[in-house]
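With the input below, show me the fold.
(one chain, ligands or ions: 1)
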Amino acid sequence: MLAICPYCGAEFEIPQGVPIATCPYCGTSIKVETGEHFKEHYLFRVNYDYNAAYEKLLAVVSREVGSPKDLSTSSAPTGGTLYFIPLYVFHIDLKAMHGRGKVSEEVEDVATLASKDVPVPIPEGYKFPVRGRLYFDPKVVKGGKYLSPLIDPEKALQLVESPFRDKVMKEALLETGSKLIKIESHSEFIGLAHYPFWEVKYSYKGEEYRGYIDACDGTVVYAEYPKSLEVRVLASTLALLASSLLGGLLTAMLGLRVSPLEGLIGGLLTSLPALIITLRRGIGERGLYELKVEEIGITEEIR
Ligand SMILES: [Zn+2]
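Residues are numbered from 1 along each chain as shown. So this is what the prediction gives:
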């Protein structure tokens, strides 16, 4: 669909299904449905350039178990793409009412992905910082790949609100012990934001690997890395040993007529298959680092 920018008058193409479009010439955003000027479009600062992102990436993969010792000295960056990922920023405001009194509430600004189709493997539950956003500037985005929002903001709000609703309700039930609780929502859509992520490629001994880095705060979210030959040989040897041990146990059990759930043999029998799977994974040439959000417990305060 062709649109005419209400601010600079330029004509530009709007991809299908995009609820908020941005003029590539002047950066003005419009609501596609109504053609209205949409002012609340933000941008998160690129604090990590290509080189800084590459350094963050190498620091993470060098610490991974099984990565070669010379990884940081024998690797070189081979290219990168800066993606601007679309986010929606919401103000969550939920109150649980019991009669006329407020028994619990949740008030927080949150950001969520505005498209399901993004080329960056962002882990589920990744918390984008909502503070420190600037107004959108098309000049900044020219240095990277701009991605359009594809989700309806109203639908996204319902999804984002849902865990907060559960939390408010749970707290209210604990507080009152009563089921006569009503939840009042004053949540609202604040605006569209674009958030920078680097895709950085690097080579090690002729093979190419890639990683994804939050360009605003430097968090590495996903990275491939080579595994040292020693680790791969060790893993395959151990996997072979474990497999033959498992086979031996089964044969012994048949001979002794031991129930598989009894004693030491039973214990080994249940833990060996899992060990073998883990070891087989260790044989592969590539290792994979994925940020685990729950384990690290990233909160807005820390970041
Ligand atoms: Zn324009």
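
what's the single longest helix in the chain?
Longest helix in the chain, counting residues (DSSP state H): helix 229-256.

how about that one: buried residues?
Judged by neighbour count using 16 or more other C-beta atoms under 10 Å, the buried positions of helix 229-256 are 231, 232, 235, 238, 239, 242, 243, 246, 249, 253. In this view, the C-beta of every residue, glycine as well, is placed from N, C-alpha and C.

which strands and helices sit next to that helix?
helix 263-283 (3 or more C-beta pairs under 8 Å, 6 or more residues apart in numbering; DSSP states H and E).

I'd like the distance from the following helix or strand past the helix it packs on to the chain centre, please.
Downstream of helix 263-283, the next assigned helix or strand under DSSP states H and E is strand 286-290. Distance, stretch centre to chain centre, for strand 286-290: 15 Å (C-alpha atoms, centre = their mean, to the nearest Å).

Strand 286-290 pairs with which strands, parallel or anti?
strand 220-226 (antiparallel) (DSSP bridges).

returning to what we had before: got the angle for the longest helix of the chain vs strand 286-290?
With axes from the mean of the first three to the mean of the last three C-alpha atoms, to 10 degrees defining the directions, helix 229-256 sits at 90 degrees from strand 286-290.

these two touch, right, residue 75 and residue 204?
Yes - if you go by C-beta atoms under 8 Å, residue 75 and residue 204 touch, sitting 4.6 Å apart.

relative orientation of the helix or strand hosting residue 192 and strand 220-226 in degrees?
Here residue 192 sits within strand 188-204, counting by DSSP H and E. Here strand 188-204 points in a direction 20 degrees away from that of strand 220-226 (the same axes, to 10 degrees).

In stretch 266-277, which residues are buried?
Result for stretch 266-277 [16+ other C-beta under 10 Å]: buried residues 269, 272, 275, 276.

about what we covered before: looking at the longest helix of the chain now, give me its mean pLDDT.
For helix 229-256, mean pLDDT rounds to 78.

can you list the residues of the stretch 1-150 of the chain near the ion?
The stretch 1-150 of the chain has residues 5, 7, 8, 10, 23, 25, 26, 28 near the ion, with proximity defined as C-beta under 5 Å from the ion.

Find the nearest non-adjacent residue to the first one, please.
Across the structure, with C-beta to C-beta, 6 or more residues apart in numbering as the measure, the residue nearest residue 5 apart from its sequence neighbours is residue 23 (4.0 Å).

Of the buried residues of stretch 266-277, which is the nearest to residue 92?
Distance to residue 92 across those (C-beta to C-beta) is lowest for residue 275, with 44.1 Å.

which residues does the nearest residue to that closest one once chain neighbours are set aside contact?
With sequence-adjacent residues excluded and distances taken as C-beta to C-beta, 6+ apart, residue 275 is closest to residue 242, at 5.4 Å. The contact partners of residue 242, by C-beta atoms under 8 Å, 6 or more residues apart in numbering, come to 272, 275, 276, 279.

Enumerate every residue touching whatever residue of the stretch 151-300 of the chain ends up closest to the ion.
In the stretch 151-300 of the chain, the residue that lies nearest the ion is residue 192 (15.7 Å; C-beta to the ion). Residue 192 makes contacts with 20, 29, 38, 40-42, 86-89, 114, 136, 149, as judged by C-beta under 8 Å, 6+ apart.

Repeat that for residue 216.
44, 45, 46, 47, 48, 129, 132, 195, 196.

Over to residue 289?
60, 61, 64, 211, 220, 222, 223, 224, 225.

And the pLDDT at it?
Value for residue 289, per-residue pLDDT: 94.

Repeat that for residue 260.
According to the model, residue 260 scores 57 on pLDDT.

Could you shift the numbering so residue one becomes 54, and keep it that way?
Sure, I'll start counting at 54 from here, so that last one is residue 313.

which SSE is residue 202 in?
Per DSSP H and E, there is no helix or strand for residue 202.

Leaving out chain neighbours, which residue sits closest to it?
residue 167 (3.6 Å).

Please apply the same query to residue 107.
residue 130 (4.5 Å).

my read: the one you found touches residue 103, true?
Yes - the pair residue 130 / residue 103 is scored as a contact, 7.3 Å apart, by C-beta under 8 Å.

Spit out the residues that contact those two alike.
residue 253.

ok, back up a step: any chance of the buried residues of helix 282-309 in JSON lines, with distance to residue 149 too?
Shown next, in JSON lines, are those (distance: C-beta to C-beta, whole Å):
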{"residue": "284", "distance to residue 149": "52"}
{"residue": "285", "distance to residue 149": "55"}
{"residue": "288", "distance to residue 149": "52"}
{"residue": "291", "distance to residue 149": "54"}
{"residue": "292", "distance to residue 149": "53"}
{"residue": "295", "distance to residue 149": "53"}
{"residue": "296", "distance to residue 149": "55"}
{"residue": "299", "distance to residue 149": "54"}
{"residue": "302", "distance to residue 149": "56"}
{"residue": "306", "distance to residue 149": "57"}
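
Good, wrapping up.
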